[in-house]
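> Structure for the following, please:
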Amino acid sequence: MVSRRSRSSSADLGLIREWFDKCTKHHKRCKENMHSWFPTRLLSLGPKGRYIRLIITKDNPPNGPYMTLSHRWTEERYTKLQSSTAMQLQQAIDVVRLPKTFQDAVRVCRHLNIHYLWIDSLCIKQDENDLSDWVEESQRMGQVYSSACLNVSATRSFDGSGRLLGGSSWASKVPTQIEVGTDDSSQKYYVIDGDLWDDEIESAPLLRRAWVYQERYLAHRIIHFGESQLGWECLESRMLEMFPKGLPPSLGISDAKLSGYTPVTTTSPSSSTSFPDTQFAEEWQRLMCQYSKCELTYPSDKLIALDGIAKIKMMDRQDDTYVAGMWKSTALYDLPWWRWDDDRTQFPIHTTSFRAPSWSWASVDGDIHFPLRFGVFSKVQESYADVKTLVGHTTDQNGNTAVSGEIQIEGICLPLRVQWQENEEPKSFTIPGFRFSTHKWTLKSSIYLEAPAEVVGSFSDSGKLLLLPLFVTRHTLFGIVLATTHGISAHQRIGAIEIAIMGLTIPTPVHRKDKRLFIETKPQASTAFREDAQDTEAQIWSRAALKFIHYLREQRPHSRLITIL
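As a prediction, the model looks like this:
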């Protein structure tokens, strides 16, 4: 029987020391990523004692590495760094008067013989009427976390008032053992929760925060204080107290964390239409999908909380252009982003304060989705547009970051009309000569509109609603919906479109010798049996979609330079 007594703080510290030493001494990639850059300010801890102090690193250069703390702010009162308290904090800070999370972070540092610690509220000025220091220091956030030797993450905590060390029971550190018996023998098995890593780390309260998402991505080593056990992430391994040597493959978790310093591409970005940088596009879209799910206390921080990741990527992509969460080399694939109806209802774009151009996913709140969900990049067959320029201008007003800018695309704009159901949901949409349904089960096309039905209708009635086709795969044609808003040459993105080309269905059994046989089933569709298909599986091809693709390819409608604001 396993004792349920609480695990001691010293046991936690011992395991943290074991993991840290293993990482910094034996992991080649981790040793290569030790940095000597220092933030503007750090907390100088000393080897022991009740008092620590704030130092200005240019005046008092640190003589060793530093650690960082990821946490959610608490309502607990303590002396934060402000212009009026700076001299006081440089003389002495009473550790006992700090939040418990901070106290335990100091203990972890000292146990590892690290004498410097960075905590945001004590190292960035928190003046209410002057955010200039915050604006300047927030630009360095990526370097702060990527240059630290270890990040202490209060992963389980909703705020900074909870302790990190000790508290959980020994029973939570070991897997449950059961005995399965038969008539002749019995066998003992360990039962492991397959969602253990997700429950302890991924779904923990702290990691739902957008700022922390960046901190976790950029830090090379992280010690997580989970709900019932410690967790570790570095460039070469992931561990839990239950699995101190590494996570078992059965959990289905990768054995190393993603890093902002891991190059995604070794070639310079291309501006051609031959589908460049697909590997980078897939990774960036996956990161942005995850990031969009995170919470922000101030929605205006959407881009600045991502700035550290973007700057790290810029180091490997010096020939590329980054504006408002998107890259010129991959913008063609990013433009068809969309949101579910629930998010468009909960966070309507007309009530969202401006922080990014209409073409950027950062202009809206809620979960963002990209074509990546279909594994689209390995299947791209043809493009109909080419991104020519991507420009932007960043402004900081009272600490709020907004990006104005434009993207210029050489492409084809076609008149678009939307047909509505009684509940003001799109029923279908038409391009001259082609009609696509949004409610057929087998061949359902989709239109995701960011503007209300009456606004879209007014653009449609005045001939200002347009479709800009972008690229096509075997299954789907992707494009965006534009509205002419500033004369004939300037447009606003108000939605995305996915035109279904092919779907799967279960056909009525027919006798056939050749599986490549085409069988007419509907006036608007054909069924094509694949060579590798089972007898009960068939593909439905949309005649309208195929004719539309033929029109774009063979008729070659006039293309022009399109500006989207």
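> State the helix or strand in which Ile409 lies.
Applying DSSP states H and E as the criterion places Ile409 in strand 400-411.
> and that strand, which strands flank it?
Note on strand 400-411: by DSSP bridges, its sheet partners are strand 386-397 (antiparallel), strand 560-564 (antiparallel).
> So which bits of that strand are buried?
With burial defined by 16 or more other Cβ atoms under 10 Å, the residues of strand 400-411 counted as buried are 400-409, 411. In this view, the C-beta of every residue, glycine as well, is placed from N, C-alpha and C.
> What does the pLDDT read for the residue of the chain most remote from its centre?
Each residue of the chain has a distance to the centre, and by Cα atoms, centre = their mean the biggest one is for Asp184: 53.4 Å. Per-residue confidence for Asp184 comes out at a pLDDT of 75.
> go on, the one 3 residues further on?
Note on Gln187: pLDDT of 77.
> Could you give the number of residues near it?
As a burial measure, the neighbour count of Gln187 was computed by other Cβ atoms under 10 Å and equals 9.
> Surely Glu406 touches Thr563?
Yes. With contact defined as Cβ atoms under 8 Å, Glu406 counts as touching Thr563 (5.5 Å).
> tell me the mean pLDDT over stretch 497-514?
In this model, stretch 497-514 has an average pLDDT of 63.
> Quick check: Arg344 is in a strand.
No. The assignment for Arg344 is helix, going by DSSP: H, G, I helix; E, B strand; the rest coil, so no strand is present there.
> quick one, phi psi at the closest residue to it other than its chain neighbours?
Closest residue in space to Arg344, ignoring its immediate chain neighbours: Glu450 at 6.5 Å, by Cβ to Cβ, 6 or more residues apart in numbering. Comment: the main-chain dihedrals of Glu450 come out as phi -90, psi -20, following degrees, to the nearest 10.
> Give the full set of residues in contact with Glu450.
The contact partners of Glu450, taken as Cβ atoms under 8 Å, 6 or more residues apart in numbering, are 339, 344, 349, 364, 493-495.
> Among these, list the two that are farthest apart in space.
Between any two of those, the greatest separation by Cβ to Cβ is 13.9 Å, found for Arg344 and Arg493.
> Do you know the pLDDT at Lys28?
We note a pLDDT of 72 for Lys28 in this prediction.
> ignore the last one, Val418
On pLDDT, Val418 comes in at 92.
> helix or strand for it, which one?
Using DSSP H and E, Val418 sits in strand 417-420.
> Please identify the buried residues of that strand?
By 16+ other Cβ under 10 Å, the buried positions in strand 417-420 come out as 417-418.
> Just to check, Ala210 is in contact with Asp301?
Yes. When contacts are counted by Cβ under 8 Å, Ala210 is listed as touching Asp301 (7.1 Å).
> Identify the residues contacting the strand holding Val418?
Strand 417-420 is touched from outside by 426-430, 447, 449, 453, 456-457, 460, 465, with contacts defined as Cβ under 8 Å, 6+ apart.
> do that again at 7 Å, thanks
426-430, 447, 453, 456, 460, 465 (Cβ atoms under 7 Å, 6 or more residues apart in numbering).
> Same check on stretch 91-100?
By Cβ under 7 Å, 6+ apart, the residues outside stretch 91-100 that reach it are 50-54, 74, 76, 78, 103, 106, 160-163.
> Give the buried residues for it.
Counting neighbours by 16+ other Cβ under 10 Å, one finds that the buried residues in stretch 91-100 are 93, 95, 98-100.
> quick one: which of the residues you listed is nearest to Trp197?
Distances from Trp197 to these, taken as Cβ to Cβ, are shortest for Lys100 (25.7 Å).
> Next, please give the residue ranges for the helices of the stretch 151-300 of the chain.
196-197, 210-218, 278-292 (DSSP state H, counting those that start in this stretch).
> Just name the most buried of the ones you listed.
The highest average neighbour count among the helices of the stretch 151-300 of the chain, using mean count of other Cβ atoms under 10 Å, belongs to helix 210-218 at a mean of 24.
> helices or strands next to that helix in the packing?
Based on contacts counted as 3 or more Cβ pairs under 7 Å, 6 or more residues apart in numbering; DSSP states H and E, the elements that helix 210-218 packs against are strand 67-70, helix 141-146, helix 278-292, helix 307-316.
> Extract the C-alpha set from it and format it as PDB.
Taking Å, rounded to 0.1, in the frame of the first residue of the first chain, the C-alpha atoms of helix 210-218 are listed here in PDB:
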ATOM      1  CA  ALA A 210      -1.500  34.000 -24.400                       C
ATOM      2  CA  TRP A 211       1.600  35.600 -22.800                       C
ATOM      3  CA  VAL A 212       2.500  32.200 -21.200                       C
ATOM      4  CA  TYR A 213       2.100  30.400 -24.500                       C
ATOM      5  CA  GLN A 214       5.000  32.600 -25.800                       C
ATOM      6  CA  GLU A 215       7.000  32.100 -22.600                       C
ATOM      7  CA  ARG A 216       6.700  28.400 -22.800                       C
ATOM      8  CA  TYR A 217       7.600  28.200 -26.500                       C
ATOM      9  CA  LEU A 218      10.700  30.300 -26.200                       C
END
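> Need the residues that contact it.
70, 141-142, 145-146, 151, 206-207, 222, 258, 260, 290-291, 294-296, 305-306, 308-309, 312.
> Buried ones among those?
Neighbour-count burial (16+ other Cβ under 10 Å) applied to the contacts of helix 210-218 gives 70, 141-142, 145-146, 151, 206-207, 222, 260, 291, 294, 305-306, 308-309, 312.
> residue ranges with poor pLDDT in the stretch 201-350 of the chain?
Counting by pLDDT under 70, the low-confidence segments of the stretch 201-350 of the chain come to 255, 258-277.
> one more time with 50, if that's ok
When the per-residue scores of the stretch 201-350 of the chain are filtered using pLDDT under 50, the ranges that remain are 261-275.
> Thr484 bridge partners, please.
His491.
> How many residues are close by it?
Burial of Thr484, expressed as a neighbour count using other Cβ under 10 Å, amounts to 17.
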